[in-house]
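**Q** Build the 3D model from these lines:
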Amino acid sequence: MRVAFVLGTTSGGTGRHVRMLVEGLIRRDHRVVVVGPGSVEEQFSFGAAGARFVAVPMSDRPHPVNDLRAVLAIRRVTKDADVVHAHGLRAGALAGLGLWGRLASRTPVDGLGSRARSARRTVADGPSRVPVPSGVSGRVSLVVTLHNALTAGGLVGVVYGGLERVVASRADQVLVVSPDLGERMRALGAREVGPAVVPAPVPRAARRSPQEVRAELGAGRRPIVLTVARLAQQKGLETLLDAARGPWADEGETPLFAVAGDGPLLGDLRRRIEAEALPVVLLGNRDDVPDLLAAATVVVWASRWEGQPLSVSEALMIGRPVIATAVGGVPDLLAGAGILVPYGDVAALRAAVQDVVGDGAEAARLAAAAARRGAELPDADEALESVLNVYRRLRQHE
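**A** Purely as a prediction, here's the structure:
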């Protein structure tokens with residue numbers, strides 16, 4: 001089978017997931033091409049995995065000229081593909097526009113009326129009115145995996161909605177990392193919607209002892225509350241800082257909140273931590289997350305939204321107690337193996353942390369539940385077989 005992956009700028013789980021799929025397909029003798037910005041090849045080395053990589057700039061924001069160039073490049077590069085699998089909403093929309101008239105499951109017009117028959121077309125409700133070329137060179141199936149959801153409004157929300165409508169109208173199959181994304185895609189008229197299987201790699205063993213990590217962090221005997229997250233609006237870190245402020249049942253054992261990650265909110269968070277003398281340390285990007293997890297008393301996510309965060313899966317596989325907000329795909333991922341709290345509820349988050357750090361038996365119970373759940377999580381072979389089943393079904397229906 002000839003498979004083309006399309007992805008935009010990414011520095012995290014999406015890129016690692018695509019790399020995992022590429023490796024699996026190459027092992028099974030499928031032909032693979034990856035289309036995306038040059039930065040993703042630099043970070044994830046798809047070429048080294050055996051795929052052909054084609055650099056196509058894809059801006060994070062709508063830009064008519066750049067979007068048209070990306071659409072035309074995607075169309076050209078994927079002309080021999082059996083399946084195009086786009087990852088992310090923007091990549092999915094650009095791929096859908098680039099494959100206009102070539103999608104296997106329907107006619108070129110697909111309900112858009114006579115406007116779709118013109119030599120150059122425009123998606124009126126799309127984010128940047130990108131003109132779409134006509135012509136049919138070969139039938140192809142389009143799969144789009146949605147890894148994230150919108151957590152901001154305003155103009156960004158309007159753009160996001162336009163991209164969603166393009167994906168819903170063009171994709172043969174939409175795969176989603178959480179039930180709420182699936183409900184939204186179905187409401188927008190997507191033909192087929194199913195769950196995405198996004199496994200985390202098995203974490204390496206810790207290279208340092210918990211005592212060594214505690215010494216580095218200056219934790220002393222204090223409980224360590226670890227968060228692994230990008231420092232961005234979606235992660236709800238303002239709620240985490242509110243919870244860290246206390247009060248705590250035993251002020252002499254105030255937990256140390258450690259946040260591993262980097263992002264646009266670094267400066268704002270640092271200033272607030274210093275101004276309020278919060279018991280929070282920002283660790284930046286780390287390559288020793290397994291060491292940090294092994295030393296943590298509890299691992300916490302205060303996010304506005306999450307799909308199937310790899311960091312949560314890693315915490316489960318290592319067997320650490322988990323507290324997370326009941327958003328997106330997190331409840332299904334935990335499956336009862338952690339404590340869920342409402343997003344934005346500072347009191348509930350603080351109380352949950354207090355329950356774990358103040359009760360060794362509860363911490364041990366949660367750790368055991370996490371390890372059991374971690375052992376149940378799907379692996380790379382299951383994820384690969386899941387997408388191959390989708391590809392085969394779509395090609396059979398051509």
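**Q** where exactly do the strands run in the stretch 51-200 of the chain?
**A** Using DSSP state E, counting those that start in this stretch, the strands of the stretch 51-200 of the chain run over 52-55, 83-87, 120-122, 131-133, 141-146, 173-176, 193-195.
**Q** Give me the below-cutoff pLDDT ranges for this protein.
**A** Where the chain drops to pLDDT under 70, the residues are 11, 104-138, 151-153, 156-157, 250-252, 398.
**Q** Run a quick check on residue 192 versus residue 168, I expect a contact.
**A** No - using C-beta atoms under 8 Å, residue 192 is not in contact with residue 168, being 10.8 Å away. The C-beta positions use only the backbone N, C-alpha and C, and glycine is treated the same way.
**Q** Give the residues shared as contacts by the two.
**A** residue 174 (C-beta atoms under 8 Å, 6 or more residues apart in numbering).
**Q** Please say which of the two ends up with more neighbours.
**A** Higher neighbour count among residue 192 and residue 168: residue 168, with 22 against 16, using other C-beta atoms under 10 Å.
**Q** Skipping its backbone neighbours, what lies nearest the more buried one in space?
**A** Leaving aside its chain neighbours, residue 168 sits nearest to residue 188 (3.8 Å; criterion: C-beta to C-beta, 6 or more residues apart in numbering).
**Q** how far away is the one you found from residue 294?
**A** 43 Å (C-beta to C-beta, to the nearest Å).
**Q** Residue 61 now?
**A** Distance, residue 61 to residue 294, by C-beta to C-beta: 40 Å.
**Q** try residue 210
**A** 6 Å.
**Q** Repeat that for residue 344.
**A** The gap separating residue 344 from residue 294 is 30 Å, by C-beta to C-beta.
**Q** ditto for residue 347
**A** 29 Å.
**Q** And those two? Which one has more around it.
**A** Ranked by neighbour count (other C-beta under 10 Å), residue 347 and residue 294 place residue 294 first, with 19 against 11.
**Q** Could I get the full set of helices for the stretch 51-200 of the chain?
**A** Under the criterion DSSP state H, counting those that start in this stretch, the stretch 51-200 of the chain contains helices at 64-77, 89-98, 154-170, 179-187.
**Q** Give me the buried positions along the first one.
**A** Put plainly, it is helix 64-77. 67-75, 77 (16 or more other C-beta atoms under 10 Å).
**Q** quick check: angle from that helix to strand 83-87?
**A** Angle of helix 64-77 versus strand 83-87, following axes from the mean of the first three to the mean of the last three C-alpha atoms, to 10 degrees, is 140 degrees.
**Q** same question, the last one
**A** Computed with the same axes, to 10 degrees, the direction of helix 179-187 lies at 130 degrees from that of strand 83-87.
**Q** for stretch 43-58, which positions count as buried?
**A** Neighbour counts over stretch 43-58 (16+ other C-beta under 10 Å) mark 43-44, 46, 49, 51, 53-54, 56, 58 as buried.
**Q** okay if I get these as JSON lines plus distance to residue 353?
**A** Shown next, in JSON lines, are these (distance: C-beta to C-beta, whole Å):
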{"residue": "43", "distance to residue 353": "34"}
{"residue": "44", "distance to residue 353": "35"}
{"residue": "46", "distance to residue 353": "40"}
{"residue": "49", "distance to residue 353": "40"}
{"residue": "51", "distance to residue 353": "43"}
{"residue": "53", "distance to residue 353": "44"}
{"residue": "54", "distance to residue 353": "47"}
{"residue": "56", "distance to residue 353": "45"}
{"residue": "58", "distance to residue 353": "40"}
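**Q** In the residues you listed, find the pair that's most separated.
**A** Greatest spacing in these, by C-beta to C-beta: 49 and 58 (20.4 Å).
**Q** The residue nearest to residue 168 and residue 319, how far apart?
**A** If you go by C-beta to C-beta, the gap between residue 188 and residue 319 works out to 39 Å.
**Q** backbone phi and psi for the most centrally placed residue in the chain, please?
**A** Among the residues of the chain, residue 147 comes closest to the average C-alpha position under C-alpha atoms, centre = their mean, at 4.1 Å. Reported as degrees, to the nearest 10, the phi and psi values for residue 147 are phi -100, psi -10.
**Q** Could you double-check that residue 83 lies in contact with residue 393?
**A** No - the pair residue 83 / residue 393 is not scored as a contact, 10.7 Å apart, by C-beta under 8 Å.
**Q** Which of the two has more residues huddled nearby?
**A** Between residue 83 and residue 393, counting by other C-beta under 10 Å, residue 83 is the more crowded of the two (25 against 13).
**Q** For the more buried one, list the residues it contacts.
**A** Taking C-beta under 8 Å, 6+ apart as the test, what residue 83 contacts is 1-4, 140-143, 391, 394-395.
**Q** redo that, cut-off 10 Å
**A** 1-5, 30, 104, 140-143, 172-173, 387-388, 390-392, 394-395 (C-beta atoms under 10 Å, 6 or more residues apart in numbering).
**Q** Filter those residues down to the buried ones and express that as a ChimeraX selection.
**A** Buried residues among the contacts of residue 83 (16+ other C-beta under 10 Å), as a ChimeraX selection:
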select :3,4,5,30,104,140,141,142,143,172,173,387,388,390,391,394
